[in-house]
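Novice: pasting the sequence and the predicted coordinates here, then a few questions.
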Amino acid sequence: MKKIILVINLILFNFTFAQELTNEKIWNSNEFRMKYVSGFNSMKDGVHFTKLSQNKDSLYISKHKFTNYKGSGETILNLSSYSKIIPTHSINGYQFNNSEDKLIIKTSSKPIYRRSYTAIHYLYDLNTHTLEALSEKYTPQTQVEYSPNGQQISFIYNNNIYIKDLHTKAIVQITNDGISNKIINGTTDWVYEEEFAITKGYYWSPNSENIAFLKFDESKVKEVNMPIYGTLYPQQETFKYPKAGEDNSLVTLNIHDLTINETQQIQLQNYEYIPRFRWAVKENTLIALTLNRHQNHLKIHHIKQEKEQFSSKVFYSEQSETYIEIDDNLEIMSDNSLLLTSEKSGFKHLYKLDFNGKISQITNGNWDVIDFYGIDEKKNLLFYTSSETGTINKSIYQVKINGKEKKIISSKEGYSEADFSKGMKYFIKTYSTANIPNHYSLCNSNGKELSVIEDNKRLKYSLEKYNLSDKYFFKLKGKVDSLNASIIKPKNFDPMKKYPVYLHVYGGPGSNTVLNRFKGSEYLYHQLLANKGYLVISIDPRGTMYRGVKFKKSTYLQLGKLELEDITEAIKNFSKNNEFVDSNRIGIQGWSFGGYLTSLAMTKGNHLFKMGIAIAPVTNWKFYDNIYTERFMQTPEENKVGYSENSPINFAKNLEGEFLIVHGSADDNVHLQNTLEMIEALVQADKHFESFIYPNKNHGIYGGNTRNHLFNMMLKFTVNNL
């Protein structure tokens, strides 16, 4: 009997691992859906947190203790009880006021661009158990928040700032000149949202008496008209988009004094951009960061109130021979010192800066700080992530503000991120590796795991059923440097056989592909390719992150040139040093900047690649937005050679191999113009290629069956041509 059971188990085991991975399963089923911890919100006491929880058909906000997660669950608000007013499927998030007795509930959120949105907001009083719409008249809104004293609530509607008094229910409009595609108050224009990663353009002062806000005058910015299909006559979506070398919005920093109902424009002088501004923790004082057009001169302004007026003074500046990147690693301490990151040492590190301009370095070494999470001022402990354990990894550290007693509080291998409680006593850790999905756990400030919130056990089981190959990491010699690379081999890999190579590339500033983190659907698609017999490789060339300034900024004024040299040299070396590589069957695929590199590789890449798939590519940097492009290339007028010599359009006549170019017709980021201009150049050069346009799809090309269709087309093109 035991032998029969053993045979049956073996049959079941083999049957389980015989399942076939398909694009339909990756993109259109829930089998590989990863679970996340949603709606996390640290409570003011720093020892409790809330999150969105679901039980069958019930959606609720639950309160938990960091040190006793499973035994401390308490329902703050059962949202399903109000489903007749707010359908639970429409709820997108929530936030507390400072006293934690009122809630803003965000519903029916609709994206505008990548980060911006409009939504219908409701207010809930935890004491009276009453629910009301924020406003029936001024809706939908965006950027809704309570004033620090909890007496008012602010929001943006149609490019203007409004304030609602929670006692009288009266709504006051504090800006009146907001007009679509002309004046924006309190939120940001397209290019700030995309390239400075901000949509919030206003902040309350700590005493609730002032609101500092950005005003964007877009009058001189040229418009893009994007047709949206689906009606008899296509509708035109019109928005302002400043391309390289073109006029920007005129941006000013303003402070509205609610006590006298007056607005003052702050004089900052000689700047192009205001990418960040913050109020001090306690005082009615503000700091603002400004950049020049070339983004190589940073100034930090101290804006101080004297009587009823605010004055500005520059107390720190920093210059670079290339460019200075703006991030969110910025905090004002209670003593008015600033904690921020800088690359002035050659690597990104943490610094302390006071209002007298005195600056001191906190972290040090040949590695980059990635995220700065904050400081426990009672213990003088800072928390951050860095690439110190290897540029493919991300680890969490704590260190004293004097730079001493540094301690790693997460795994050295893999990708760790943290969401800290108020006071920095606890955090939710998100951990994954290239082959292991997200694992969420509660930890204390020393990194000790207290409990697991979500381990994605169901997803891990689904992955095991398909007997996937592990992704692993190695080094490849590029044109100059040793480069980070990853590979997925076919499951039954035989070193005596020859295999085609499928190179997946991004390669641009700000985004590495070779990371020891789980990448979900992208990882699964690469596993599908490996199952078809391909060696799936990724390479991070010069210009990518976490290896210091010299490596990252070497591509300045010549985007595409060194990146292409690196990936072609690395693939040649990989082929030369491994007999199992079929050097006549090398393909390349990339999206956005990766699509740009793919297009360059197929035209300017020394005929190395047999096949290329470019999705939503930039094909000439003069078509792209000015903040991103000029940061790395200056303007087309200033850098004619850099623009022309690295545009695949100018090398269309050199196309060799099978080329597929794909774009969404409603791509507000990399405009369809890029692909159409490339197509025209290829037609005039009498080159064979294939193209596909997805109607009304943006830069992400998704929605409904779209991703499944796209990746099935990519798979078919790859199998037929590589």
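Specialist: Yes, it's here. Everything quoted here is computed from the prediction, not taken from an experiment.
Novice: touching, residue 520 and residue 36? I think so.
Specialist: No: contact criterion C-beta atoms under 8 Å: residue 520 and residue 36 do not qualify, at 11.0 Å. C-beta here means a position set from N, CA and C on the backbone, and glycine is covered the same way.
Novice: which one's more surrounded, the two?
Specialist: residue 520 (16 against 12; other C-beta atoms under 10 Å).
Novice: what sits closest to that one if chain neighbours are left out?
Specialist: Distances taken as C-beta to C-beta, 6 or more residues apart in numbering put residue 34 closest to residue 520, at 6.0 Å, once the chain neighbours are dropped.
Novice: can you tell me the helix or strand for the one you found?
Specialist: Assignment of secondary structure by DSSP states H and E places residue 34 within no helix or strand.
Novice: how many neighbours does it have?
Specialist: Residues near residue 34, counting by other C-beta under 10 Å, number 14.
Novice: wait, it sits on residue 440?
Specialist: No: taking contacts as C-beta under 8 Å, residue 34 lies outside contact range of residue 440: 10.6 Å.
Novice: which stretches of this protein form helices?
Specialist: Ranges of helices in the chain, per DSSP state H, are 2-16, 23-28, 190-195, 457-465, 520-531, 549-552, 561-577, 593-604, 626-633, 640-644, 672-684, 706-721.
Novice: nearest to residue 383, out of those?
Specialist: Set against residue 383 and scored by C-beta to C-beta, the helices of the chain come closest in helix 549-552, at 23.9 Å.
Novice: the closest one: how far from the chain's middle?
Specialist: 21 Å (C-alpha atoms, centre = their mean, to the nearest Å).
Novice: quick check: the closest residue to residue 118 other than its chain neighbours vs residue 171, distance?
Specialist: Nearest residue to residue 118 in three dimensions, chain neighbours excluded: residue 140, at 3.9 Å (C-beta to C-beta, 6+ apart). Distance from residue 140 to residue 171, counting by C-beta to C-beta, to the nearest Å: 15 Å.
Novice: try residue 247
Specialist: Distance from residue 247 to residue 171, counting by C-beta to C-beta: 34 Å.
Novice: ditto for residue 99
Specialist: Residue 99 sits 22 Å away from residue 171, going by C-beta to C-beta.
Novice: more neighbours: which of those two?
Specialist: Neighbours around residue 99 and residue 171, counted as other C-beta under 10 Å, are more numerous at residue 171. The numbers are 16 against 12.
Novice: what's near enough to touch the more buried one?
Specialist: 135, 137, 138, 162, 163, 164, 165 (C-beta atoms under 8 Å, 6 or more residues apart in numbering).
Novice: farthest pair within those?
Specialist: Pairwise over the contacts of residue 171, using C-beta to C-beta, the maximum falls at 137 and 165, 15.0 Å.
Novice: now the strands for the stretch 201-350 of the chain?
Specialist: Secondary structure of the stretch 201-350 of the chain (DSSP state E, counting those that start in this stretch): strands at 202-204, 210-217, 223-228, 235-240, 250-257, 262-266, 273-279, 285-291, 297-306, 309-319, 330-332, 338-342, 349-353.
Novice: let me have those in a markdown table, extended by distance to residue 379.
Specialist: Formatted as a markdown table, those follow (distance: least, C-beta to C-beta, whole Å):
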| stretch | distance to residue 379 |
| --- | --- |
| strand 202-204 | 27 |
| strand 210-217 | 31 |
| strand 223-228 | 51 |
| strand 235-240 | 47 |
| strand 250-257 | 34 |
| strand 262-266 | 35 |
| strand 273-279 | 23 |
| strand 285-291 | 25 |
| strand 297-306 | 27 |
| strand 309-319 | 26 |
| strand 330-332 | 15 |
| strand 338-342 | 14 |
| strand 349-353 | 16 |
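Novice: residue 423: which of those strands is closest?
Specialist: When the strands of the stretch 201-350 of the chain are compared (using C-beta to C-beta), the closest one is strand 330-332, at 13.7 Å.
Novice: adjacent strands (with direction) for the closest one?
Specialist: In the sheet, strand 330-332 lines up against strand 338-342 (antiparallel) (DSSP bridges).
Novice: just the angle for the strand it pairs with relative to strand 273-279, thanks.
Specialist: Interaxial angle, strand 338-342 versus strand 273-279 (axes from the mean of the first three to the mean of the last three C-alpha atoms, to 10 degrees): 150 degrees.
Novice: what's the pLDDT at the nearest residue to residue 96 once chain neighbours are set aside?
Specialist: Nearest non-adjacent residue to residue 96, counting by C-beta to C-beta, 6+ apart: residue 103, 6.0 Å away. Looking at residue 103, its pLDDT is 95.
Novice: re earlier: now distance to residue 392 and mean neighbour count too, for the strands of the stretch 201-350 of the chain, in TSV please.
Specialist: Output for these, formatted as TSV (distance: least, C-beta to C-beta, whole Å; neighbours: other C-beta atoms under 10 Å):
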stretch	distance to residue 392	mean neighbour count
strand 202-204	36	20
strand 210-217	37	23
strand 223-228	38	14
strand 235-240	38	14
strand 250-257	38	19
strand 262-266	43	15
strand 273-279	29	20
strand 285-291	31	22
strand 297-306	29	19
strand 309-319	29	15
strand 330-332	26	18
strand 338-342	21	21
strand 349-353	20	20
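Novice: now these as JSON lines including mean pLDDT and distance to residue 657?
Specialist: Formatted as JSON lines, these follow (pLDDT from 0 to 100; distance: least, C-beta to C-beta, whole Å):
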{"stretch": "strand 202-204", "mean pLDDT": "97", "distance to residue 657": "51"}
{"stretch": "strand 210-217", "mean pLDDT": "97", "distance to residue 657": "45"}
{"stretch": "strand 223-228", "mean pLDDT": "96", "distance to residue 657": "31"}
{"stretch": "strand 235-240", "mean pLDDT": "95", "distance to residue 657": "36"}
{"stretch": "strand 250-257", "mean pLDDT": "97", "distance to residue 657": "45"}
{"stretch": "strand 262-266", "mean pLDDT": "96", "distance to residue 657": "55"}
{"stretch": "strand 273-279", "mean pLDDT": "97", "distance to residue 657": "41"}
{"stretch": "strand 285-291", "mean pLDDT": "96", "distance to residue 657": "41"}
{"stretch": "strand 297-306", "mean pLDDT": "94", "distance to residue 657": "44"}
{"stretch": "strand 309-319", "mean pLDDT": "94", "distance to residue 657": "44"}
{"stretch": "strand 330-332", "mean pLDDT": "94", "distance to residue 657": "46"}
{"stretch": "strand 338-342", "mean pLDDT": "97", "distance to residue 657": "42"}
{"stretch": "strand 349-353", "mean pLDDT": "98", "distance to residue 657": "44"}
